[in-house]
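*Asks:* Structure for the following, please:
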Amino acid sequence: MTALILVAYATKHGSTQEVAEVIAATLREHALEVEVQPASEVRALDRYGAVLLGAPLYSGRWHGDANRFLKRHRTALSERPVAIFALGPRSAAEEERRGSREQLDRALAKASWLAPVAIEVFGGVIDPAKLGFPFNRMPASDARDWTAIRAWASNLATQFQPAQEAESHPNWKSLYRVGGAAALVVAGLEIAVALISVISCYTSGPAPSTVIGWFTLLQHNRFLGLVDLGLFDIAALALFVPMFLAVYIALRRASASFMAIATTLYFCFLRSI
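*Replies:* Have a look, this model is predicted:
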């Protein structure tokens, strides 16, 4: 899976393609790599890290190419973020928008396995010159709100950015593994030190109070001497570095606020020791 994002669309008269192009342009403004393709021409999704699928609603039905796209790429779509949009309402009236959203929800209910990260309905277009009888008798209209379309795409960009960052920095996966291993080692050290400390209280008495006492203990029992000298605590502190970096990157991708809180708590912890 790559960081490339696919904007796939189905269209009958071109209006949905125009929306797809604007969405793609907005995502590119957020430094994302995007391709735009007709849904019917997409053969595989291996090259894409996320997918946007858009299609118009006609007479209460979502465009057939969009439904076939979901069926054809079911496995791949279940493994990557997916966003859905549709064009439908002939005006900005809330009642029309609500009706179009219900139509879209019914269409998506047929793909119950799908869990989109975002679903949106935008206004549609009526161009009598492109319609047959009797629809060519309808008044021309264009209910597309380009400001809302760009705002929706910008919000999606923040959701898709972490996936692209992860691909741009493949070493982060290694950092996560190192951080996880460090956490396990620290946990093991802390448990061992706690057990040894309890045992030493019953077998060796209180900890030495002089330098000579420390080295005498170290000569008789090196492991216990290292524990009492605090060297294991120093090792644990060193292992906190990859642990913190792994958590920092993970939180940075999820939430800047959580990242700031975690960083503050970490430095407060360092000041307390």
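
*Asks:* Surely residue 160 and residue 27 touch.
*Replies:* Yes: contact status for residue 160 versus residue 27: in contact at 7.3 Å, counting by C-beta atoms under 8 Å. Every C-beta, even on glycine, is put in place using the N, C-alpha and C of the backbone.

*Asks:* Which neighbours do these two have in common?
*Replies:* Here residue 160 and residue 27 have residue 5 as joint contacts, going by C-beta atoms under 8 Å, 6 or more residues apart in numbering.

*Asks:* domain parsing for the protein?
*Replies:* 4-165, 171-272 (automatic domain parsing).

*Asks:* Quickly, which of those domains bottoms out on average pLDDT?
*Replies:* By mean pLDDT, the lowest-scoring of the domains of the chain turns out to be domain 171-272, with a mean of 63.

*Asks:* What helices and strands are in contact with the top strand by length along the chain?
*Replies:* Ranked by number of residues, the top strand in the chain under DSSP state E is strand 48-58. If you count contacts as 3 or more C-beta pairs under 8 Å, 6 or more residues apart in numbering; DSSP states H and E, strand 48-58 packs onto strand 4-9, helix 15-29, helix 64-72, strand 82-87, helix 94-109, helix 146-168.

*Asks:* Give me the distance between residue 71 and residue 45.
*Replies:* Using C-beta to C-beta, to the nearest Å, one gets 13 Å for the distance from residue 71 to residue 45.

*Asks:* what about these two, which has more around it?
*Replies:* Legend: neighbour count by other C-beta atoms under 10 Å for residue 71 and residue 45, higher for residue 45 (21 against 10).

*Asks:* give me every residue that touches the more buried one.
*Replies:* Contacts of residue 45 by C-beta under 8 Å, 6+ apart are 6, 51, 73, 76, 77, 80.

*Asks:* now with 10 Å?
*Replies:* 1, 6, 8, 51, 69, 72-73, 75-77, 79-80, 82 (C-beta atoms under 10 Å, 6 or more residues apart in numbering).

*Asks:* List buried members of those residues by neighbour count.
*Replies:* Burial by neighbour count, 16 or more other C-beta atoms under 10 Å: within the contacts of residue 45 this picks out 6, 8, 51, 69, 72, 73, 76, 77, 80, 82.
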